[in-house]
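Student: no sequence on this one, just coordinates:
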């Protein structure tokens, strides 16, 4: 058999071999490293790192010394979307995850790796509206019911330009301001 035939056979076998290899979930150390990329080091270095479960509960991966909490990438979305939240934003996130009313507090979230959402108008959408998901670059978010009264931000909803500050999930309890940082 010629070398060319051997190479061709190996190349044809690669997809089968790749499919047979199971992907291991990331280690806790890898999750901590990923979560810390969500905010400037001055915030993330002393933050707790917790992994979010689907029911809204949290698994502590690293206890920090500040009030901030960083959360690693959500593996259920295609993008790399870790975040770091202040205590008020953590309460807001828990309310969102459990579909409860958000606290009447203003919170702040860093997402310096960007984000990915099915919808700009429906916080619980399970597929992209109009066939196109919203992909945002590095940004910060200001959350809480007070955001409903903040004027001057684009409230277009689907089709919004994520390169300028805008309101996401408008007219819902989870409405918040998205502010690009680059």
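Tutor: That came through, no problem. This one's a predicted model, so the numbers in the text were calculated from it and none came from an experiment. Residues are numbered from 1 along each chain as shown.
Student: neighbours around the closest residue in space to residue 31 that isn't next to it in sequence, how many?
Tutor: Among residues not flanking residue 31 along the chain, residue 72 sits closest, at 4.0 Å (Cβ to Cβ, 6 or more residues apart in numbering). For glycine as for every other residue, the C-beta is placed from the backbone atoms N, C-alpha and C. Other residues lying near residue 72 total 25 when counted by other Cβ atoms under 10 Å.
Student: who touches residue 136 in this structure?
Tutor: Residues touching residue 136, when contacts are defined by Cβ atoms under 8 Å, 6 or more residues apart in numbering, comprise 111, 114-117, 162, 178, 180.
Student: make it 7 Å
Tutor: With Cβ atoms under 7 Å, 6 or more residues apart in numbering as the criterion, the residues that contact residue 136 are 114-115, 162, 178.
Student: is it in a bridge, and if so with what?
Tutor: Taking DSSP bridges as the rule, residue 136 bridges to residue 115.
Student: Could you check how far the closest residue to residue 28 other than its chain neighbours is from residue 71?
Tutor: Ranked by Cβ to Cβ, 6+ apart and with sequence neighbours excluded, the top spatial neighbour of residue 28 is residue 61, at 5.1 Å. As judged by Cβ to Cβ, to the nearest Å, residue 61 and residue 71 stand 9 Å apart.
Student: so where do the helices sit in the chain?
Tutor: In the chain, helices defined by DSSP state H lie at 3-20, 28-35, 41-44, 87-98, listed in chain order.
Student: Mean pLDDT lowest where, among those?
Tutor: Within those, the least confident segment by mean pLDDT turns out to be helix 3-20, at a mean of 45.
Student: is it true that residue 140 touches residue 178?
Tutor: No - contact status for residue 140 versus residue 178: not in contact, 8.1 Å apart, counting by Cβ atoms under 7 Å.
Student: out of the two, which sits in the more crowded spot?
Tutor: Neighbour count, other Cβ under 10 Å: between residue 140 and residue 178, residue 178 has more, with 25 against 18.
Student: how far away is that one from residue 133?
Tutor: Distance from residue 178 to residue 133, by Cβ to Cβ: 15 Å.
Student: mind listing what the residue nearest in space to the middle of the chain touches?
Tutor: Central residue of the chain (Cα atoms, centre = their mean): residue 81, 3.5 Å from the mean position. Contact criterion Cβ under 7 Å, 6+ apart gives 73-74, 111, 113-116 as the residues in contact with residue 81.
Student: Identify the farthest-apart pair in those residues.
Tutor: Considering Cβ to Cβ, no two members of those lie farther apart than 74 and 114, which are separated by 12.4 Å.
Student: Need the overlap of contacts for residue 61 and residue 71.
Tutor: 50-51.
Student: quick one: which of the two has more around it?
Tutor: It is residue 71, of residue 61 and residue 71, that has more neighbours when counted by other Cβ under 10 Å, with 26 against 18.
Student: I'd like the distance from the residue lying closest to residue 56 once chain neighbours are set aside to residue 146, if you could.
Tutor: Counting by Cβ to Cβ, 6+ apart, residue 56 lies nearest to residue 97, which is 3.5 Å off, once chain neighbours are set aside. Per Cβ to Cβ, residue 97 is found 20 Å from residue 146.
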